[in-house]
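Trainee: sequence and predicted structure are below.
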Amino acid sequence: MAVTPSPDEEAELESSKAPLLEHLVELRNRLVYSMIAFFICFLFCFFFAKEVYEILTRPLISALASDPNRTGPPIMIYTALYETFFTYVKVGMFGALCIAFPFMAYQLWMFIAPGLYRHERAAFVPFLIATPIMFIIGASFVYFIMLPFAIRFFIGYETADIQLQARVGEYLSFVMTLIFAFGFCFELPVLLTLLGRVGIVTSQGLAGARRYAIVGVFAVAAVVTPPDIISQLALAIPMVGLYEISIWSVKLIERGRAKREAAEAAAAAAARNIQTT
């Protein structure tokens, strides 16, 4: 026989459901806002897809134009009827994700922030600022340093009889993969510093796991980059340096925490001395 809950129990049950429903509605609204922002940015970027495409292909075109073995003009080809159109679609989505990401991250922060204490929100703000900065640094490293070097290295094997005819779809996928891979991997100091801030990792633990981290870095570089040693080394070597920076950053946080705890202990001791006197 089913037990019928009392009116008080029903009220308590409804009151416990209300916050969950409110959070789900809030999450839905934040997701809708993010998708609308992404769609608007996609339309904007798709309208200027040719200009974005020219920016992304500039390293390749410059390298082909300066190649002494090339007999014809630097051009790119496509082999499927729909390839150029979908290339512009991918360019539009790529640009939309880059432009809309700060707004989408803000929506995520607005959903999480009410559940944090004031000092926790203050602690997270520097990491929210550092996240897009490190992504831009990683993407800039690819576009201005790594990509031109890699392109010139591979084109160096071109001869008058063997010349590159790059497909637009393959090249754009190659460039966008590298930009996202380097951009996200350059977030390593932000992630480890945040974990050190909340006490999940320590500088001593990170230093002790250095050899395993180096192996993991090269494994990640082998997975997220195209299958060539140049791209893998270009990602793995900076990530090793960023791991060392993370150890230094976590160590600074630990020193600041130790000083703050010592000051609080001294203040508490002084307060107890005043009370006893």
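Mentor: In hand now; what should we look at?
Trainee: which SS class is Ile200?
Mentor: coil (DSSP: H, G, I helix; E, B strand; the rest coil).
Trainee: only C-alpha atoms, please: export stretch 87-102 in PDB.
Mentor: What follows is stretch 87-102, C-alpha atoms only, in PDB (Å, rounded to 0.1, in the frame of the first residue of the first chain):
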ATOM      1  CA  THR A  87      35.500  25.300 -46.700                       C
ATOM      2  CA  TYR A  88      33.900  28.700 -46.300                       C
ATOM      3  CA  VAL A  89      31.400  27.200 -43.900                       C
ATOM      4  CA  LYS A  90      34.200  25.800 -41.800                       C
ATOM      5  CA  VAL A  91      36.000  29.100 -41.900                       C
ATOM      6  CA  GLY A  92      32.800  30.800 -40.700                       C
ATOM      7  CA  MET A  93      32.400  28.300 -37.900                       C
ATOM      8  CA  PHE A  94      36.000  28.700 -36.900                       C
ATOM      9  CA  GLY A  95      35.800  32.500 -36.800                       C
ATOM     10  CA  ALA A  96      32.400  32.300 -35.000                       C
ATOM     11  CA  LEU A  97      33.900  30.100 -32.300                       C
ATOM     12  CA  CYS A  98      36.900  32.400 -31.800                       C
ATOM     13  CA  ILE A  99      34.700  35.600 -31.600                       C
ATOM     14  CA  ALA A 100      31.900  34.200 -29.600                       C
ATOM     15  CA  PHE A 101      34.000  32.300 -27.100                       C
ATOM     16  CA  PRO A 102      34.500  35.200 -24.700                       C
END
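Trainee: excluding chain neighbours, give the residue nearest to Ala49 in space.
Mentor: Using CB to CB, 6 or more residues apart in numbering and skipping the chain neighbours, the partner closest in space to Ala49 is Tyr88 (4.0 Å). Backbone N, C-alpha and C define where each C-beta goes, glycine included.
Trainee: which of the residues in the host helix or strand of that neighbour are classified as buried?
Mentor: Element membership for Tyr88 (DSSP states H and E) is helix 83-112. By neighbour count with 16 or more other CB atoms under 10 Å, helix 83-112 contains the buried residues 87-88, 90-101, 103-104, 106-107.
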